[in-house]
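> Got a predicted model here, sequence first, then my questions.
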Amino acid sequence: MEILTVRNLGKVYKGNVNYEALRNIDLTINQGEFVGIMGPSGSGKTTLLNMISTIDRPTSGEIRIGGEDPYRLSHQKLAIFRRRELGFVFQSFNLLPTLTVKENIVLPLTLDGVNIDEMNKRVQLFAEKLGINDILNKRTYEISGGQAQRTAVARALINKPKLVLADEPTGNLDSKAARDVMEMLEKLNKEEQATMMLVTHDAVSASYCQRVVFIKDGQLVNEIRMGTNRSEFYQKIIENLSRIGGTANEPSPIRD
Ligand SMILES: Nc1ncnc2c1ncn2[C@@H]1O[C@H](COP(=O)(O)OP(=O)(O)OP(=O)(O)O)[C@@H](O)[C@H]1O
């Protein structure tokens with residue numbers, strides 16, 4: 001089943017000089033897929049993510065999420081759609097510092113009026129899966145970056161959104177914490193059949209995806225799929241990036 005359908009999408013930033021940031025983008029993400037988007041700086045990754053996350057409007061083309069065109073919804077319905085159908089994980093975690101870890105995680109459920117027993121059940125489930133049981137009552141300034149990102153992942157997934165959108169989720173983490181977070185996302189993708197789209201510069205993070213789509217100068221240029229092993233996939237990602245000017249070749253940090 002298609003969860004995300006992007007057809008002939010275009011974005012022109014208007015200004016003194018108009019800038020065409022995206023052109024003829026076609027992209028489909030099926031239920032349960034984990035897809036990475038990679039490309040050089042300025043290639044249009046954030047623009048694409050902003051269109052899909054309904055933060056910014058496309059100039060042309062169409063986006064459907066779970067069959068719904070979010071841009072046809074009223075302001076109020078769009079806010080509810082975003083909260084229920086989309087989960088967000090950002091580089092900067094975006095947690096509320098005055099709340100505890102648990103309060104941050106349940107925030108989307110609180111806003112939707114889910115009852116306390118159900119809330120506690122879901123927090124337990126995700127806290128266990130993400131290994132953050134022991135920090136649920138801490139404030140967010142008392143936890144590490146890796147723990148903060150795992151908290152953000154729990155918050156993004158707690159209401160079982162149709163699509164989870166992650167923007168450089170490992171950008172602020174050291175390599176060990178980054179690997180942990182990617183392993184968690186991979187696990188949640190498998191166990192919860194969560195559909196995920198990840199924008200990243202980092203080939204190691206992208207190697208946890210099942211499919212990586214490459215963007216250059218506002219157009220999708222290629223896509224590759226994970227085969228049998230992750231270090232081979234990592235090498236293919238690096239090769240593709242080098243070809244489109246994303247990054248230089250480098251030895252694999254992955255040990256299978
Ligand atoms: N609000 C804006 N107004 C005008 N041009 C913009 C705007 N936002 C982005 N752009 C331009 O659109 C292009 C794509 O930008 P975008 O941020 O999507 O790239 P990116 O691939 O996410 O880059 P990075 O990896 O550096 O974050 C860039 O050339 C950028 O300068």
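Alright, I've got the coordinates. Numbering: from 1, shown residues only.

> which bits of the stretch 1-150 of the chain sit near the ligand?
13, 15, 19, 21, 39, 41-47 (Cβ under 6 Å from any ligand atom). All C-beta spots, glycine's among them, are computed from the backbone N, C-alpha and C.

> Pull the number of nearby residues for whatever residue of the stretch 51-200 of the chain ends up closest to the ligand.
Per Cβ to the nearest ligand atom, Val199 is where the stretch 51-200 of the chain lies closest to the ligand, at 7.1 Å. Neighbour count for Val199, taken as other Cβ atoms under 10 Å: 24.

> try the one 5 residues further on
The local packing of Val204 (other Cβ under 10 Å) involves 19 other residues.

> for the strand or helix carrying it, which positions count as buried?
Element membership for Val204 (DSSP states H and E) is helix 203-206. Counting neighbours by 16 or more other Cβ atoms under 10 Å, one finds that the buried residues in helix 203-206 are 203-206.

> Out of these, which is nearest to Arg179?
Nearest to Arg179 among the buried residues of helix 203-206, counting by Cβ to Cβ, is Val204 at 7.3 Å.

> Following the helix holding Val204 in sequence, what is the next regular element?
Sequence-wise, the next helix or strand downstream of helix 203-206 (DSSP H and E) is strand 211-216.

> Show me what that following strand is packed up against.
strand 34-38, strand 219-225, helix 230-244 (3 or more Cβ pairs under 8 Å, 6 or more residues apart in numbering; DSSP states H and E).

> could you give me the average pLDDT of the first one?
Strand 34-38 shows a mean pLDDT of 97.

> Which secondary structure elements does it sit against?
helix 45-52, helix 175-191, strand 196-199, helix 203-206, strand 211-216, helix 230-244.

> Mind doing that once more with 6 Å?
strand 196-199, strand 211-216 (3 or more Cβ pairs under 6 Å, 6 or more residues apart in numbering; DSSP states H and E).

> contacting residues around the shortest one?
Think strand 196-199. Applying Cβ atoms under 6 Å, 6 or more residues apart in numbering, the set of residues contacting strand 196-199 from outside is 34-37, 45, 49, 164-167, 189.

> With stretch 99-115 instead?
For stretch 99-115, the external contacting residues (Cβ under 6 Å, 6+ apart) are 83, 95-96, 119, 123, 135-139, 151, 154-155, 158-159.

> Tell me which of those residues fall in helices.
Counting by DSSP state H, the part of the contacts of stretch 99-115 found in helices is 83, 119, 123, 151, 154-155.
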